[in-house]
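Enquirer: requesting a structural model of the entry that follows:
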Amino acid sequence: LMKNNMAFSFYIEYEKMTINNFEHIRAYIKIQDGCDNYCTYCIIPYLRGHRRCKDYQTIINEANTLVKNGYQEIVLLGIDTGTFKSDNHDLADLINDLSKIKGLNRIRLSSIEITELDENFYNVLKNNKVLCDHLHIPLQAGSDEILKKMNRKYDLKTYVEKINRIRTIRPDINIATDCLVGFPGETAEMFEHTLKFCESIGFSKIHVFPYSKRNGTPASRMPNQVSQKDKHARARKLIKLSKKLEKEYYNKFIGQTLP
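Expert: Alright, predicted model coming up:
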């Protein structure tokens, strides 16, 4: 809700949405909506409301329907997917229960925050072969100062430690990320650190977004806004790095036979 250029959040129930048409290749199930993270650049909590999740059994039923219609892969979607909790079950429980459906060969997550990776999830990663070798884990910035201004709930040290833990479990996993360039106060030096950090992590794909003001968010009122010229120049550099890292990831598998 917007009033006098100020944003207000609100509580609403989870909409009872289920699949009502069928496409090809893979299917999508939305399991969660809303967000309570309040990153300073993001309008979603004010527009989508607080976190809420789809009924657990409804998801299981929906997945069964999709598999019966020939789908072998399901992607679990949400604004903040890793926070999923329904009927005393969390995301790890859901992945494990869905993987028991005969004919469902792949489960994929749209994204998960680094702060939401816990022991339950690591156990799924280790023991559940239906969960794809792919995680999308937003970074947003390779600068602790900028992460703090963004109200992200981690620092670079924590991010590296958790990525290393993931790769200890699955060495060849595909890890993609999001980066927001040109956030207010981001200097050229900070951006260069983001470039170096992304390269050191070795992401297989970087989704790059130049910062864009959203009225009513704290970041829209911050000083030291970065020029459009600088934002787009930085975005081009990061996209170039992404293409390089993506090719390096693909090249690891030359000569192998994979499903």
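Enquirer: alpha carbons of the strand or helix carrying Ile146, as PDB, please.
Expert: Ile146 belongs to helix 144-149 when assigned by DSSP states H and E. This file holds the C-alpha atoms of helix 144-149, laid out as PDB (Å, rounded to 0.1, in the frame of the first residue of the first chain):
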ATOM      1  CA  ASP A 144      30.200  -5.900   3.300                       C
ATOM      2  CA  GLU A 145      29.500  -2.200   3.500                       C
ATOM      3  CA  ILE A 146      26.900  -2.300   0.700                       C
ATOM      4  CA  LEU A 147      25.400  -5.500   2.000                       C
ATOM      5  CA  LYS A 148      24.800  -3.800   5.300                       C
ATOM      6  CA  LYS A 149      23.200  -0.800   3.600                       C
END
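Enquirer: what sits up against the helix or strand that it is followed by?
Expert: Downstream of helix 144-149, the next assigned helix or strand under DSSP H and E is helix 156-169. With contact meaning CB atoms under 8 Å, 6 or more residues apart in numbering, helix 156-169 is reached by 114, 117, 122, 125-126, 135, 137, 139, 142-144, 147, 173, 175, 197, 201. C-betas here are computed from N, CA, C, even on glycine.
Enquirer: quick one: buried ones out of those residues?
Expert: Buried residues within the contacts of helix 156-169, counting neighbours by 16 or more other CB atoms under 10 Å: 114, 117, 122, 125, 135, 137, 139, 142-144, 147, 175, 197, 201.
Enquirer: among those, which pair sits farthest apart?
Expert: Spatial extent of these (CB to CB) is set by the pair Leu125 and Ser143 at 27.9 Å.
Enquirer: low-confidence ranges, the stretch 51-200 of the chain, go.
Expert: Counting by pLDDT under 70, the stretch 51-200 of the chain contains no low-confidence residues.
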